[in-house]
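In: give me a 3D structure for the following:
(chains A and B)
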Amino acid sequence: GDSVTQMEGPVTLSEEAFLTINCTYTATGYPSLFWYVQYPGEGLQLLLKATKADDKGSNKGFEATYRKETTSFHLEKGSVQVSDSAVYFCALTEYGNKLVFGAGTILRVKS
Amino acid sequence: DTAVSQTPKYLVTQMGNDKSIKCEQNLGHDTMYWYKQDSKKFLKIMFSYNNKELIINETVPNRFSPKSPDKAHLNLHINSLELGDSAVYFCASSQEGGSGDEQFFGPGTRLTVL
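Out: Next up, the predicted model:
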């Protein structure tokens, strides 16, 4: 079945550092790919998405590019802030509406 | 206005009890979902409904019974609660339920079974 693998955390960075969270997927067809963010004590929010190969999703300074050849959707941000501290989930949908999530990566940003 | 709301936010109960969690969305979406997040933050879909019709049932014990009285509501009833049911349960909704649709999540219900 479909699956998503993302780098284990926690990832601890200083403010203004560069962020990369790796995500790779396994799917039989052509999934849509998502990054969701969960701030402490809250539900998940969509951060960005890409629905076909070579699409780049971007939002709030975060970016991720759908790479079919490497089955990857790595999340990047050039300069993180303390307010970016959260849990980040890579996810996919392939057939219909079932979101398959990675295990989540905790990001801690220190001032 | 809250887009996807859940009640209660916290639920503490004894093993063997029966409890319900309610979910409502005011986005006019056709599809609603229940997800379970375990203590390690892992999220897994449980159920999906489209226009009150069950679409996804992910090998969830039959002690869990979703009910959708209308397309704006999806409730989750749990019978004979077990320790392993302790988790955070998230409700979500999406416009149509297609592969690229964004899902909007509620704030979660933290269930603790003692």
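In: residue contacts, B:Ser5?
Out: Residues near B:Ser5 by C-beta atoms under 8 Å, 6 or more residues apart in numbering or on different chains: B:23-25, B:106-107. Yep, even glycine has a C-beta here, placed from its N, CA and C like the rest.
In: specify the next element, helix or strand, located C-terminal of the lowest-mean-pLDDT helix or strand in chain B.
Out: Every helix and strand of chain B was ranked by mean pLDDT, DSSP states H and E. The lowest is strand B:53-57, at a mean of 85. Next helix or strand after strand B:53-57 toward the C-terminus (DSSP states H and E): strand B:64-70.
In: following that next one, which helix or strand shows up next?
Out: Toward the C-terminus, strand B:64-70 is succeeded by strand B:73-78 as the next helix or strand (DSSP H and E).
In: quick one: strands adjacent to that next one?
Out: Sheet pairing for strand B:73-78, assigned by DSSP bridges, gives strand B:19-25 (antiparallel), strand B:64-70 (antiparallel).
In: which of the ones you listed has the lowest mean pLDDT?
Out: Here the strands paired with strand B:73-78 differ in mean pLDDT, and the lowest is strand B:64-70 at a mean of 92.
In: buried residues in it?
Out: Within strand B:64-70, the residues that count as buried by 16 or more other C-beta atoms under 10 Å in any protein chain shown are B:64, B:66, B:68.
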